[in-house]
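> Fold the following and give me the result.
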Amino acid sequence: MSTSSVGSPGRYQRSVGGLAAALVLTVVVVGGLIWFLGLFRPDVEIDPERVDYLPIIGEAQDAGFSPVYPASLPDGWTPTGYQVVPGEKPAFEMNLLTEDDEDFVGIRQDDEPEADMLREYVVGDLSPTDIYTVRGSVAEAWQGYEDEDGDTAYVSEVGGETVLVYGSASPEEMQDLIDRLSTEPLAAE
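As a prediction, the model looks like this:
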C-alpha cells in the first residue's frame, strides 16, 4: 500500500481576490451591525448645564479683583462655565452659548498682551475689521477681528488688562454682549 498525497490536508487556495472579498464582507457585516444596534438606541440630547456666574463675580470682587462680566445676558443665552485665576496676576474667563445653543462666545480678561491672547484663543489667520465704539461700556473702543472661518473677536483694554470677547457668534451678537459688560461691584448677599 502506498500513501502518496498531493498537497496537505486542510489547506485551501489563497488569492488576493479572496482576501479582498473577505475584507469587504467584514466591513459590510460590521457596518450593518452598527446600523442595526443604532435602531434601538434612543437619541440622547444633552442640554448644557447653566451656571450662575454672578456669585463668583461677587466673590472675586470681595477678594480685590475687578472682573469684566456681563451684567445681563441676551435672551436665551446660557452661561456654561467660568474660571477665576487668583493671585498677583488674576484672570477671568467665561463661556457662553447663544440662543438655542447655536454658537460659542468666550470672554477672557488677562494681563497678557492683545496679540498673545488673540493667538491663544482665536484659531486661524485674523484680519482686523472695524473698531466697535460704544459709550457706557467698560471700554469705548473695541478692535474687531475676523478669521477665515467666520469667527469673530473684539479686544480692548480695561483697567490695564486685556479683555477679549471671541467666538462663533455673529458680530452683532458679540456687540450686544459688549454693550452689557460691566465692572460694577455687586451687592453683597
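> Could you report the distance from I56 to D100?
25 Å (Cβ to Cβ, to the nearest Å). C-beta coordinates here come from the backbone N, C-alpha and C atoms, glycine included.
> For these two, indicate the residue with more neighbours.
Taking other Cβ atoms under 10 Å, I56 and D100 do not tie; I56 has more neighbours (17 against 9).
> Touching, the more buried one and V84? I think so.
Yes. The pair formed by I56 and V84 meets the contact definition of Cβ atoms under 8 Å, at 6.2 Å.
> can you tell me which residue is nearest the centre of this structure?
The centroid of the chain falls nearest to F104 when counting by Cα atoms, centre = their mean (5.7 Å).
> If it is in a bridge, with which residues?
Beta-bridge partners for F104, by DSSP bridges, are L97.
> A153 now?
Bridge pairing for A153 - DSSP bridges - gives Y145, Y166.
> My read is that it contacts T129, right?
No. Look at A153 against T129 with Cβ under 8 Å: they stay out of range, at 9.3 Å.
> and after the lengthiest helix in the chain, which helix or strand comes next?
If you go by DSSP state H, the chain has its longest helix at helix 16-39. With elements assigned by DSSP states H and E, the helix or strand that comes after helix 16-39 is helix 54-62.
> from the chain's centre, how far out does that next one sit?
24 Å (Cα atoms, centre = their mean, to the nearest Å).
> and the helix or strand just after it, what other elements does it pack with?
Sequence order places strand 69-70 as the next helix or strand after helix 54-62, per DSSP H and E. Contacts defined by 3 or more Cβ pairs under 8 Å, 6 or more residues apart in numbering; DSSP states H and E place strand 69-70 against strand 91-97, strand 181-182.
> Sheet partners, orientation included, of strand 69-70?
strand 181-182 (antiparallel).
> what residue ranges in this structure score low on pLDDT?
In the predicted model of the chain, residues 1-13, 44-46, 187-189 satisfy pLDDT under 70.
> Please repeat the previous calculation with a cut-off of 50.
In the prediction, the chain carries no residues with pLDDT under 50.
> Break it down into its domains, please.
13-44, 54-182 (automatic domain parsing).
> Just the buried positions in the first one, please.
The neighbour-count criterion (16 or more other Cβ atoms under 10 Å) identifies no buried residues in domain 13-44.
> what's the distance between that domain and the middle of its chain?
Between the centre of domain 13-44 and the centre of its chain there are 35 Å (Cα atoms, centre = their mean).
> swap in the last one?
Averaged C-alpha coordinates place domain 54-182 at 13 Å from its chain's average position (Cα atoms, centre = their mean).
> Just the endpoints, please. Distance across that domain?
The straight-line separation of the ends of domain 54-182 (Cα to Cα, to the nearest Å) is 12 Å.
> for stretch 85-92, same thing?
Its first and final residues considered, stretch 85-92 spans 6 Å by Cα to Cα.
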